[in-house]
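A.B. asks: Sharing a model prediction with you, sequence too.
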Amino acid sequence: MFNTYLEAASAQKLTGAIPGDPLSTDILVARAKQDLYFKSLNQDLPEISATTDYSVAGPHGNIPVRMNYPSQNTKLPCIIFIRGAGFWAGALDSHARTMRSLALLSSCVVCAVDYRRAPEFTYPVQRDEVLSVISWLKQEQESLGISANQLVIFGESAGATIALSVALTLRDREDSCLAGLTLFYCNAAGPKPTSRAYSQWVWEQYLGHKGPSNDANAVPLLDSMKGMPPAWIGVGEDDPLITDSKELYEKMTAHNHQITFKLFPNLPHAFVMFTGSLLPAYNALKEAALACSNFFKKH
């Protein structure tokens, strides 16, 4: 493994696979390019005990779900994995390495939710699909071999935004099923005039309109964090969204002392995708996995 992101990124460029750009090409073309980029990062996947795909009924049609089992043990705790990729890209295979590694490092079953993508589907579709999967996990926990009375949500970037929206909704419903949140590089403050063009575009596709939103559930940092579960928040030092993670930490610690913030030196946005080639990324995921395990131990 490489010790610096620059080394890992340089090696990645040699594969010829680079991220898609929906601002300069048709979104379907950008998704196809992004899929190739994700595929190049998911070679030689770590072995796990089993993966099983399901189709879960949801408010907008069936939701693809993948259960990643680290062992044959039953009644294992369950982590819900919500991918990033700007709301517009990715699927069940795009973050396979992260999901499998998370399952092995945490000794928990990892349930990946293939939520519907923007701009074809806008908020609150993505949030509501995760909520539907949570209900399904509770109902089917015996047959799935998990313990779903307490759950942890793991979200990265756009997935962290969805995770926060889900947690806020559960809080407002007085549903205490979440043992904790593990969040990488949150994108939770909504569109800003000073943001990069890509960031503004991402929010426009997700919200379904240009400019800011007054919906505190869609833009979680507009809401109070009172009554939220414990959380672990990680972000790279070179991430353009670092202020979102810092603001989230400050808002959460105002109401909950069980909040951890970890800053990872010399790492950019989305660095967890490089756990197969970059040692600091793997170590960061290992730390996040331990946080997930500890959430369950405290309940």
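C.D. replies: Alright, I've got the coordinates. Numbering: from 1, shown residues only.

A.B. asks: CA only for contacts and neighbour counts going forward, please
C.D. replies: Noted.

A.B. asks: Okay, buried residues for stretch 35-51 please.
C.D. replies: 35, 36, 37, 38, 40, 41, 42 (16 or more other Cα atoms under 10 Å).

A.B. asks: Same question for stretch 1-20.
C.D. replies: 2, 5, 8, 12, 17, 18, 20.

A.B. asks: in the stretch 151-299 of the chain, which ranges drop under the pLDDT threshold?
C.D. replies: 299 (pLDDT under 70).

A.B. asks: ranges for the helices of it?
C.D. replies: In the stretch 151-299 of the chain, the helices defined using DSSP state H, counting those that start in this stretch lie at 158-172, 197-207, 242-253, 279-297.

A.B. asks: returning to what we had before: closest to residue 52 out of the buried residues of stretch 35-51?
C.D. replies: Taking Cα to Cα as the measure, residue 52 lies nearest residue 42 of the buried residues of stretch 35-51, at 18.0 Å.

A.B. asks: Ramachandran coordinates for that closest one?
C.D. replies: Residue 42 adopts backbone torsions of phi -120, psi 40, taken as degrees, to the nearest 10.

A.B. asks: repeat for the one 5 residues further on
C.D. replies: With angles defined as degrees, to the nearest 10, residue 47 sits at phi -80, psi 130.

A.B. asks: gap between it and residue 153?
C.D. replies: 23 Å (Cα to Cα, to the nearest Å).

A.B. asks: ok, residue 243 to residue 190 distance?
C.D. replies: Separation of residue 243 from residue 190 (Cα to Cα): 12 Å.

A.B. asks: before we move on, back to that, so which of the buried residues of stretch 1-20 comes closest to residue 272?
C.D. replies: Scanning the buried residues of stretch 1-20 for proximity to residue 272, where the rule is Cα to Cα, the winner is residue 5, at 10.7 Å.

A.B. asks: Thank you kindly, that will do.
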